[in-house]
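Colleague: My questions are about this predicted structure, shown below with the sequence.
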Amino acid sequence: MVNIQMTALKGLRLMIEIRDIKKSFGDKVVIDGISAVMEAGKCNLIIGSSGSGKTVLTKCIVGLFKPDTGEVLYNSEDMLHMSDEERKFLRQQIGMLFQGSALFDSMTVEQNVMFPLDMFSKMKYKERKNRVNEVLEKVNLKDANKKFPAEISGGMKKRVGIARALVLNPKYLFCDEPNSGLDPQTSLLIDKLIREITTEFNTTTIVVTHDMNSVMEIGDHIIYIAEGRKEWEGNNTEIIFSKNKLLNEFIFASEFLQDAKDMRMLEAKGKIDNNRNMDEMLK
Ligand SMILES: Nc1ncnc2c1ncn2[C@@H]1O[C@H](COP(=O)(O)OP(=O)(O)OP(=O)(O)O)[C@@H](O)[C@H]1O
Ligand SMILES: [Mg+2]
């Protein structure tokens with residue numbers, strides 16, 4: 001307990017490392033030996049087609065599913081071998097925006113965002129309310145306190161979900177499909193918000209997405225999974241140059257995007273430092 005608390009309090013390089021994670025449901029192997037390191041202050045993206053296992057992998061990392069084998073290390077501490085108390089403490093440092101926002105329909109925006117504080121903090125009501133207002137302001141939702149989820153737009157729901165994920169001041173932030181169902185401009189605002197939070201609070205942020213704008217906008221570190229395996233890993237510049245066939249078929253599916261990739265490649269090639277090893281980029 002003390003060990004984790006101390007490292008968390010130091011707030012330095014809070015990275016997540018997963019080692020050889022495997023997860024099956026019955027005979028169906030969904031995650032087939034994935035390893036990766038996700039660093040603090042970065043937006044770590046998990047991409048892949050629908051059904052490839054992104055949500056299952058994410059749930060294995062946050063502890064909502066128990067992997068069949070493998071290690072999930074939070075700052076070198078294996079979540080799977082912690083005591084219940086240690087795991088509970090760690091979970092309070094994890095903020096999660098679920099796929100589809102998962103707000104409580106019968107609660108107001110304020111009550112939704114306050115929920116984790118009601119569960120885990122000993123703050124007085126006034127303090128909790130101040131904290132809720134603080135995070136709602138952070139996501140640009142100052143006047144929505146008394147509204148119910150049914151009364152707000154999809155983009156606002158995502159922002160309420162992000163506010164709820166942030167309310168306990170997490171070190172680790174998980175966002176499963178933060179842009180699904182949103183128009184490109186609203187998606188960009190959500191991406192910018194996630195980027196801002198990640199930089200400002202040095203969170204280790206993991207974003208599950210199949211939104212290509214997000215990949216280009218916030219993809220500091222991208223893991224592409226296909227059929228439960230890590231097929232490719234790199235950043236948003238390297239992805240343009242990648243020759244991985246499966247990856248290219250996945251992200252540059254349309255002719256239009258293929259043209260855009262070619263244009264971007266020409267443009268980026270000009271910017272690349274001549275000393276940089278092109279072979280590395282072409283992996
Ligand atoms: N609780 C479960 N029980 C059995 N099978 C499951 C369970 N959860 C997920 N699966 C299966 O695991 C596979 C991967 O699902 P997952 O939800 O991780 O996909 P995804 O990559 O997140 O897809 P999407 O982009 O559509 O959200 C699917 O075939 C799904 O049916
Ligand atoms: Mg999913």
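Modeller: Yep, that arrived. Numbers count the residues shown, from 1 in each chain. Ligands and ions are numbered 1, 2, ... in the order given.
Colleague: Can I take it that residue 207 is in a strand?
Modeller: Yes - under DSSP: H, G, I helix; E, B strand; the rest coil, residue 207 falls within a strand.
Colleague: could you pull out the helices for the stretch 101-250 of the chain?
Modeller: For the stretch 101-250 of the chain, applying DSSP state H, counting those that start in this stretch gives helices covering 109-120, 125-138, 154-166, 184-201, 212-218, 238-241, 245-251.
Colleague: I'd like these written out as a markdown table, with mean pLDDT and distance to ligand 1 added.
Modeller: Using the backbone N, CA and C atoms, a C-beta is placed for each residue, glycine as well. A markdown table is the format used below for the helices of the stretch 101-250 of the chain (pLDDT from 0 to 100; distance: least, C-beta to the nearest ligand atom, whole Å):
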| stretch | mean pLDDT | distance to ligand 1 |
| --- | --- | --- |
| helix 109-120 | 94 | 22 |
| helix 125-138 | 93 | 26 |
| helix 154-166 | 91 | 15 |
| helix 184-201 | 89 | 16 |
| helix 212-218 | 89 | 13 |
| helix 238-241 | 89 | 18 |
| helix 245-251 | 90 | 12 |
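Colleague: export these to JSON lines and tack on mean neighbour count?
Modeller: Output for the helices of the stretch 101-250 of the chain, formatted as JSON lines (neighbours: other C-beta atoms under 10 Å):
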{"stretch": "helix 109-120", "mean neighbour count": "19"}
{"stretch": "helix 125-138", "mean neighbour count": "16"}
{"stretch": "helix 154-166", "mean neighbour count": "24"}
{"stretch": "helix 184-201", "mean neighbour count": "17"}
{"stretch": "helix 212-218", "mean neighbour count": "19"}
{"stretch": "helix 238-241", "mean neighbour count": "21"}
{"stretch": "helix 245-251", "mean neighbour count": "16"}
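Colleague: what's the weakest-modelled helix or strand in the chain?
Modeller: In the chain, no helix or strand scores lower on mean pLDDT, DSSP states H and E than helix 2-10, which sits at a mean of 43.
Colleague: Figure out which of the helices of the stretch 101-250 of the chain is closest to residue 70.
Modeller: helix 245-251 (22.7 Å; C-beta to C-beta).
Colleague: For the helix or strand that the closest one is followed by, name the packing helices and strands.
Modeller: Going down the chain from helix 245-251, the next helix or strand is helix 255-271, by DSSP states H and E. The helices and strands touching helix 255-271, judged by 3 or more C-beta pairs under 8 Å, 6 or more residues apart in numbering; DSSP states H and E, are helix 238-241.
Colleague: redo that, cut-off 10 Å
Modeller: Secondary-structure packing of helix 255-271 (3 or more C-beta pairs under 10 Å, 6 or more residues apart in numbering; DSSP states H and E): helix 212-218, helix 238-241, helix 245-251, helix 278-281.
Colleague: Looking at these, which is nearest to residue 90?
Modeller: Nearest to residue 90 among the helices and strands packed on helix 255-271 is helix 212-218 (24.8 Å), distances taken as C-beta to C-beta.
Colleague: which residues are in contact with that closest one?
Modeller: Residues outside helix 212-218 that contact it (C-beta atoms under 10 Å, 6 or more residues apart in numbering) are 42-45, 47, 175, 177-179, 184, 187-188, 190-192, 194-195, 198, 205, 207-209, 211, 219, 222, 224, 235-237, 239-240, 250-253, 257, 260, 264.
Colleague: The same query, at a cut-off of 6 Å, please.
Modeller: Outside helix 212-218, the residues that touch it by C-beta atoms under 6 Å, 6 or more residues apart in numbering are 43, 179, 191, 195, 236, 251.
Colleague: now, the most widely separated pair of these?
Modeller: Largest separation among the contacts of helix 212-218 by C-beta to C-beta: 195 and 251, giving 19.7 Å.
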